[in-house]
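Undergrad: missing the sequence, but the structure's below:
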């Protein structure tokens, strides 16, 4: 991707300071005919980028002059698949076609996956499953222009406007860092990009050049994508060789208190018995755990989750997402081994 920053006159940045823009500005929804670059929040954002990071105001005004307002992006944000019941969510992601494609991807990238597993301790099947869930192994990387989707969410999604302002900022800094053209970067409606669907801040802070060619390219390089996922999970607490999760049996009603404690493992495995929870998992008694509840069509099921499961939720904060990754990974590994 050829950089437009030189042509547009972008120069090096200085220290960051918060914008201090009121979130109430973001609630001013745009009319269909109004240009998004005229929104007060975008005008102030441009001023912030100019003052804080050394971008030239005219260059940014030119860049934002053709930004499109995308109402469909906001609609999608209000209907995430992670709000579905588990039995429906699982059917979307853990299915034969995706398993077969995962096996194929693994075989095509066996050497790189082995290298990543050895260096970061993250099993190959977990890396493959994340790529399967995120982009079907690179088949669907997103068809929204990031400048459009992020700007729309900044202006028209007040619930998370502050977050998307930061991501829009990070996207422009990423483009400058990596010599990308910010006007053509494509991704998901929520601003994620490339094979592993990293958001801009994750791309800047966690992507690695695993191929050794001097470029961190998550758009085109499977090697960099594989290494970056493994590095990301490692930096978010992945423990090599440790279990991830196991289905549990529950008795009585005391276990319900554990569900309310959240995803982060806090209770020792030995203490689970006092809450009426049992599991076939083999771990040390002092291993930190959590208990999650998943909705099947006619019943609830319960799983003991450990630190590695929690690490997957740092990639996407949904327990449904992490469980889909885990179960897809297990299916891919088992069927690959069976067919070898």
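TA: That came through, no problem. If you're wondering where the values come from, they're calculated on a predicted model, not measured in any experiment. Numbering: from 1, shown residues only.
Undergrad: and residue 303, which of the three is it?
TA: On the three-state scheme (DSSP: H, G, I helix; E, B strand; the rest coil), residue 303 is labelled strand.
Undergrad: which residues are in contact with residue 292?
TA: 259, 263, 302, 303, 305, 319, 323 (Cβ atoms under 8 Å, 6 or more residues apart in numbering). Using the backbone N, CA and C atoms, a C-beta is placed for each residue, glycine as well.
Undergrad: show me the strands in this protein, by range?
TA: Assigned by DSSP state E, the chain shows strands spanning 144-145, 186-187, 245-250, 267-268, 277-278, 288-295, 300-305.
Undergrad: any idea of the mean pLDDT for the last one?
TA: In this case it means strand 300-305. The average pLDDT for strand 300-305 rounds to 96.
Undergrad: now do the fourth one
TA: Average pLDDT, strand 267-268: 94.
Undergrad: contacts for it, please.
TA: 258, 261, 275, 285, 286, 287, 288, 289, 290.
Undergrad: before we move on, what about the second one?
TA: By Cβ under 8 Å, 6+ apart, the list of residues contacting strand 186-187 from outside reads 141, 142, 143, 144, 145, 146, 149, 193, 194, 197.
Undergrad: and the two most separated of those?
TA: Farthest-apart pair in the contacts of strand 186-187 is 145 and 197; separation 15.6 Å (Cβ to Cβ).
Undergrad: coming back round to it: need the buried ones from the contacts of strand 186-187 selected in PyMOL.
TA: Buried subset of the contacts of strand 186-187, written as a PyMOL selection, criterion 16 or more other Cβ atoms under 10 Å:
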select buried, resi 141+142+144+145+146+149+193+194+197
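Undergrad: quick one on the thing from earlier: which one of the contacts of strand 267-268 sits closest to residue 181?
TA: residue 290 (43.0 Å).
Undergrad: phi, psi for the residue nearest to residue 228 when sequence neighbours are not counted please.
TA: Once flanking residues are discounted, residue 228 sits nearest to residue 207: 4.6 Å by Cβ to Cβ, 6 or more residues apart in numbering. When read as degrees, to the nearest 10, the backbone of residue 207 gives phi -70, psi 140.
Undergrad: hang on, the earlier thing: please, a ChimeraX command that selects the buried ones among the contacts of strand 267-268?
TA: The buried residues among those can be selected in ChimeraX (16+ other Cβ under 10 Å) with this line:
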select :258,275,287,289,290
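Undergrad: need the max-distance pair from the contacts of strand 267-268.
TA: 261 and 285 (18.7 Å).
Undergrad: pretty sure residue 209 sits against residue 228.
TA: No: the criterion here is Cβ atoms under 8 Å, and residue 209 misses it with residue 228 at 9.0 Å.
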